[in-house]
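Got a sequence here, can you build the structure:
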Amino acid sequence: MNPKRQRILSGIQPSGDIHLGNYLGAIKNWADNINNYECLFPIVDYHAMTIPYDPREMPNRIYNGICANIACGLDPERCTIFVQSFVPEHTELCWILTCVTSLGSLERMTQFKEKSQRQADREGINTGLLAYPVLMAADILIYKAEVVPVGEDQIQHLEFAREVARRFNNTFGETFPEPEPKLSQAPRIMGLDGKNKMSKSLNNHIAIVDSPDVIEEKLRTAVTDENRQRRSDPGDPDVCNIFCLHKLLSTPEEIEWANRECRVAGIGCIECKKVLIQHVIDLLTPIRERYYQIHAKPDYVREVVVEGAKRARSIAQQTMAEVKDKCGLKLGVGHAD
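Predicted structure coming up:
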């Protein structure tokens, strides 16, 4: 008899184009795990509501996110792909967890502090941005996920979810496991500006659906070592975003060549980029082709989402029944006066 597989959960927002950073930093890691874990991968559309958006665009963003996940290797036959808002138990549990969460713990979250500081007017900060980590904790705990794939920049959120699980268990009785992190082997993928994490909103990304010509143009103009002003200047690969991508996509021989020759000005940035450009094109071309094949099959996509939500909800409903029972949210037998 096969031992029970641990349950793993990780989600991605329908923020627009899925990009190379999403793939290398998260989705590739998810795809590598689907044979070893019981995997759930939601499109977390409620999380996308914490910043202003056009509701007319959201349905297509959700649809595109589903297509991208499948194209990147998440096989719906071997994992559960669904949309967060199709499983109402997420927000139901979120409210209950909010009631065991302190305001101070939310205000200390790095993401809230960073995003709220960008708002000149405090009245413009919505409560959803503050409570975002509680919903993230609910996403994990509603399925009693034991493992969560994360990057180093997400460790604080997972520790918050572990803290919430402990608080609930201490208040109402043992219910939730404390999820363990599964750190991505890929470092934080920086954008083509060399300064910020790769992001569509910052326009410093390579989308998984970009054509070879667009990929080449974006990488040719990508920022490298800013201290290297001339071709004859030696460079420092350790501060070069292009070299970081080399380490993920190039052969050991190419990595050693780029590292050595850059430091002695044996090659220029364009020569170094040419090798990487081909690797990125080779990686993304089959993904882009699969994406458009899937995108042209709305009945198939709808079936994946409906079936995924059904499987996810069967787990979530069991958890909520247990949670409500532990919290005393049920009808009493009554007492005669």
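
which phi and psi does Val83 have?
Main-chain dihedrals, Val83, degrees, to the nearest 10: phi -110, psi 130.

give me every residue that touches it.
Neighbouring residues of Val83 by Cβ atoms under 8 Å, 6 or more residues apart in numbering: 42-43, 45, 62, 66, 305, 308-309. Every residue, glycine included, has its C-beta placed from N, CA and C.

pLDDT (mean, whole number) over the longest helix belonging to the chain?
Assignment by DSSP state H gives helix 298-327 as the longest helix of the chain. For helix 298-327, mean pLDDT is 97.

Who are the packing partners of it?
On a contact count with 3 or more Cβ pairs under 8 Å, 6 or more residues apart in numbering; DSSP states H and E, helix 298-327 meets helix 58-71, strand 80-83, helix 89-98, helix 155-172, helix 269-295.

Now do that helix and helix 269-295, the angle between them.
Counting by axes from the mean of the first three to the mean of the last three Cα atoms, to 10 degrees, helix 298-327 lies at 90 degrees to helix 269-295.

quick one, helix 298-327 and helix 155-172 angle?
Relative orientation of helix 298-327 versus helix 155-172 (the same axes, to 10 degrees): 40 degrees.

just how off-centre is helix 298-327 within its chain?
20 Å (Cα atoms, centre = their mean, to the nearest Å).

Would you mark the buried spots in that helix?
For helix 298-327, the neighbour count (16 or more other Cβ atoms under 10 Å) marks 301, 304-305, 308-309, 311-313, 315-316, 319-320, 323, 326-327 as buried.

again, but for stretch 157-177
Neighbour-count burial for stretch 157-177, counted by 16+ other Cβ under 10 Å, picks out 157-158, 160-165, 167-169, 172, 175-177.

now, the most widely separated pair of those?
Across the buried residues of stretch 157-177, the longest distance by Cβ to Cβ is 22.6 Å; it joins His157 and Phe172.

With adjacent residues omitted, what lies nearest to Ser250?
Once flanking residues are discounted, Ser250 sits nearest to His279: 5.8 Å by Cβ to Cβ, 6 or more residues apart in numbering.

The one you found: neighbour count?
Look at His279: counted by other Cβ atoms under 10 Å, it has 16 neighbours.

For it, give me the pLDDT.
Note on His279: pLDDT of 96.

got it, and Val147?
Per-residue confidence (pLDDT) for Val147: 93.

Can you get me a residue count around the nearest residue to it once chain neighbours are set aside?
Nearest residue to Val147, sequence neighbours excluded (Cβ to Cβ, 6+ apart): Ile8, at 4.5 Å. Residues lying near Ile8 (other Cβ under 10 Å) number 25.

Equivalent analysis for the one 5 residues further on, please.
Neighbourhood size, Gln13 [other Cβ under 10 Å]: 19.

Leaving out sequence neighbours, find the closest residue to it.
Nearest residue to Gln13 in three dimensions, chain neighbours excluded: Ala48, at 4.7 Å (Cβ to Cβ, 6+ apart).

now swap in Asp193 and tell me
Asp193's closest residue in space is Asn204 (Cβ to Cβ, 6+ apart), at 4.4 Å.

Surely that neighbour touches Leu219?
No. Contact between Asn204 and Leu219 fails when scored by Cβ atoms under 8 Å: they sit 11.8 Å apart.

shared neighbours of those two, which are they?
Common neighbours of Asn204 and Leu219 (Cβ under 8 Å, 6+ apart) are Leu192.

Just after the host helix or strand of Leu248, pick out the following helix or strand.
Element membership for Leu248 (DSSP states H and E) is helix 241-249. Heading C-terminal from helix 241-249, the first helix or strand you meet, by DSSP H and E, is helix 252-263.

circling back to that earlier point, got the contact list for the residue nearest to Asp193?
If you count contacts by Cβ under 8 Å, 6+ apart, then Asn204 has 191-193, 196, 198 around it.

Kindly give a single ChimeraX line that selects the buried subset of those.
With 16+ other Cβ under 10 Å as the criterion, this ChimeraX line picks the buried residues out of the contacts of Asn204:
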select :191,192,198
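
Tell me the one of the contacts of Asn204 nearest Thr127?
Looking across the contacts of Asn204 and measuring by Cβ to Cβ, the closest to Thr127 is Asn196, at 26.4 Å.

Need the phi and psi values for the closest one.
Per-residue torsions, Asn196: phi -120, psi 160 (degrees, to the nearest 10).
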